[in-house]
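Colleague: just the structure for this:
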Amino acid sequence: MNQIGGIAALPFVGPAIDTFGRRIGMIIGGVTITLGVIFQGTCVSNRNIGQFMGGRFFMGMGITLIASAGPCYVIEVSHPAYRGVVTGLYNVFWPVGAIVASGASRGSHDMPSPITWTLPVWLQMLFPGIVVVGSLFIPESPRWLYTNGKMDQARAFLVKYHGNGNPNSEWVTLQMNEYEQYLELEGADKRWWDYRALFKDRASRYRLMTNCLTALFGQWAGNGAVSYFLSAVLDAAGITDSTTQGNLFVAMNAVQIIISGIGSLFVDKIGRRPMLFWVNVGCCICWIGVSAVAGIQDKTGSKASSVATVAMIYIFQAVYSFGWTPLQALYPVEVLSFEMRAKGMAFSSLFVNFGTLVNQFGFPVALEKIKWKTYLVFMVWCAVQSGIIWVLMPETKNRTLEELDDIFRAKDPRKASTEKKKLELDANANILAVGRESEVD
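Modeller: Alright, predicted model coming up:
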């Protein structure tokens, strides 16, 4: 029901984020999630399943709103020199929420009913509440301000946060010039009903394709299935004690936080495209290992093979977290132009929810019917994803968001993206020179 609510939110995401701003979009999403939690938590006395499912529906809508507005805001307010790292770190807080959820579930395991399940439910209000309150005190995106006729406020933001108070900073001049050149003051983002910007030309369609494929691939690399059905995976590996499973949940989320944080620091050093490619190759190799040890465990039932299965799943999660966790937030929003960003992120959430639905309904059936051979499906699919990424996905590092317009208008965006316009910076992130360098695949 959560994913159905997320899909139902599609028509409302763009209008909310474009019309009212990125900040208000996050507030609307956070409030919607909070209402959903209240619906769920207050059905404890009457055990109304319909009310609980309705709460999940509203939560799904709110999550889609907040998960679309959040990356838009972060990428648009980030200093261009640190955009990759900052936006990558944004998604590191997903496993932070996961460890709170798994820790609450583990901690309430031995508590009397109904606290066992109501405590984790009510805790779902924690982070949306922080977002709602925090959004009241942060500045609006300078790009949104500029396109809504508030040029002076946009410039003031850039001077304060990107120019260290210097109105003559090269960063301020560069970005204001690009705003004037690339941002549409009367674009489709001003019309809530107008989705033509997503499909109007080849460049826009290529952007949307890249965005949606990244959203889908992140779900189908295998992490979604493992995250939602780790208990079933552990059951299949012969680890059935609920307390042990709870401890493994918490430990896995802790590993994800550490590794994804490290991965965020490398998105600019490695680059988006090679990082996406190699993390999928790594996931493919991990699934080979998981399949091998799970097959042995299925035949022998030995404790050693059970431990090996869990170890391989942990290794897979580490590989996935290093690349996919930071890039799931960064790359889809980065490839969209401002005019299509809010509505495009709604489509990104649509594909995330679609991928999750397939995982939730398909994975348990496959695990029951073909058991460990299910992991072979992920192995093959990760290899397919690697090939598609290498052939189609352009590189976006060392480019301003507006500069990416030229990349996607090229005949071959992937090839054009290897002709890098490199900004030479000093220790204080001031521009020293602008030049071009070629990169060979």
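Colleague: just give the nearest non-adjacent residue to residue 350, would you?
Modeller: Spatial nearest neighbour of residue 350, chain neighbours left out: residue 10 (5.4 Å); criterion: Cβ to Cβ, 6 or more residues apart in numbering. Just so you know, the C-beta spots here come from the backbone N, C-alpha and C atoms, and that holds for glycine as well.
Colleague: tell me the pLDDT at the one you found?
Modeller: Predicted confidence (pLDDT) at residue 10: the value is 92.
Colleague: wait, it sits on residue 347?
Modeller: Yes: contact between residue 10 and residue 347 holds when scored by Cβ atoms under 8 Å: they sit 7.4 Å apart.
Colleague: so which of those two has more stuff around it?
Modeller: Neighbours of residue 10 and residue 347, each counted by other Cβ atoms under 10 Å, are more numerous for residue 347; the result is 22 against 17.
Colleague: that one sits in which helix or strand?
Modeller: With the criterion set as DSSP states H and E, the secondary-structure element containing residue 347 is helix 338-369.
Colleague: quick revisit: residues contacting the residue nearest to residue 350?
Modeller: By Cβ atoms under 8 Å, 6 or more residues apart in numbering, the contact list for residue 10 reads 64, 346-347, 349-350.
Colleague: and which of those residues is nearest residue 387?
Modeller: Of all the contacts of residue 10, residue 387 sits closest to residue 347, with 23.1 Å by Cβ to Cβ.
Colleague: tell me who's in contact with the closest one.
Modeller: Contacts for residue 347 (Cβ under 8 Å, 6+ apart) come out as 10, 198, 208, 211-212.
Colleague: TSV for those, including secondary structure and distance to residue 219?
Modeller: Formatted as TSV, the contacts of residue 347 follow (DSSP: H, G, I helix; E, B strand; the rest coil; distance: Cβ to Cβ, whole Å):
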residue	secondary structure	distance to residue 219
10	helix	17
198	helix	21
208	helix	17
211	helix	14
212	helix	11
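Colleague: before we move on, the earlier item: ok, of the contacts of residue 10, which one's closest to residue 72?
Modeller: Using Cβ to Cβ, the shortest approach to residue 72 within these belongs to residue 346, at 10.5 Å.
Colleague: circling back: so which bits of the helix holding residue 347 are buried?
Modeller: For helix 338-369, the neighbour count (16 or more other Cβ atoms under 10 Å) marks 338-359, 363, 367 as buried.
Colleague: show me how far it is from its chain's centre.
Modeller: The gap between where helix 338-369 is centred and where its chain is centred comes out at 12 Å by Cα atoms, centre = their mean, to the nearest Å.
Colleague: what packs against the very next helix or strand once past that helix?
Modeller: Using DSSP H and E, the next helix or strand after helix 338-369 towards the C-terminus is helix 374-392. Where contact means 3 or more Cβ pairs under 8 Å, 6 or more residues apart in numbering; DSSP states H and E, helix 374-392 is packed against helix 202-220, helix 272-300, helix 338-369.
Colleague: closest to residue 176 out of those?
Modeller: Taking Cβ to Cβ, helix 338-369 is the member of the helices and strands packed on helix 374-392 nearest to residue 176, at 14.3 Å.
Colleague: residue ranges of the strands in the stretch 101-250 of the chain, please?
Modeller: Applying DSSP state E, counting those that start in this stretch to the stretch 101-250 of the chain gives no strands.
Colleague: quick check: which ranges of this protein have low pLDDT?
Modeller: Confidence mapping of the chain against pLDDT under 70 gives the ranges 228-229, 420-441.
Colleague: any idea how far residue 97 lies from residue 120?
Modeller: With distances taken as Cβ to Cβ, to the nearest Å, residue 97 is found 12 Å from residue 120.
Colleague: quick one, which of the two is more surrounded?
Modeller: Counting neighbours by other Cβ under 10 Å for residue 97 and for residue 120 shows that residue 120 has the greater number, 18 against 15.
Colleague: find the nearest non-adjacent residue to the more buried one, please.
Modeller: For residue 120, the spatially nearest residue (Cβ to Cβ, 6+ apart) is residue 104, at 4.6 Å.
Colleague: now for that neighbour: which residues touch it?
Modeller: Contacts of residue 104 were listed using Cβ under 8 Å, 6+ apart, and they are 119-120, 123.
Colleague: who are the packing partners of the stretch of helix or strand residue 66 belongs to?
Modeller: Counting by DSSP H and E, the secondary-structure element that holds residue 66 is helix 49-77. The helices and strands touching helix 49-77, judged by 3+ Cβ pairs under 8 Å, 6+ apart, are helix 2-8, helix 10-20, helix 22-41, helix 83-90, helix 126-135, helix 142-147, helix 303-334, helix 338-369.
Colleague: and it, what's buried?
Modeller: Neighbour counts using 16+ other Cβ under 10 Å place 52-77 of helix 49-77 among the buried residues.
Colleague: next: stretch 189-199.
Modeller: Of all the residues in stretch 189-199, those buried under the rule 16+ other Cβ under 10 Å are 189, 192, 195, 197-198.
Colleague: start and end of it, how far apart?
Modeller: Here the two ends of stretch 189-199 are set 13 Å apart, with distance taken as Cα to Cα, to the nearest Å.
Colleague: what do you get for stretch 117-135?
Modeller: 29 Å.
Colleague: what about the residue of the chain most remote from its centre, distance to residue 371?
Modeller: If you look at how far each residue of the chain sits from its centre, by Cα atoms, centre = their mean, the farthest one is residue 300, at 38.9 Å. Distance, residue 300 to residue 371, using Cβ to Cβ: 14 Å.
Colleague: one more: residue 6?
Modeller: Distance from residue 6 to residue 371, counting by Cβ to Cβ: 30 Å.
Colleague: try residue 214
Modeller: In this structure, residue 214 and residue 371 are separated by 30 Å, where distance is defined by Cβ to Cβ.
Colleague: just give the nearest non-adjacent residue to residue 270, would you?
Modeller: Here the residue nearest residue 270, using Cβ to Cβ, 6+ apart, is residue 278, at 7.9 Å.
Colleague: this completes my enquiry, with thanks.
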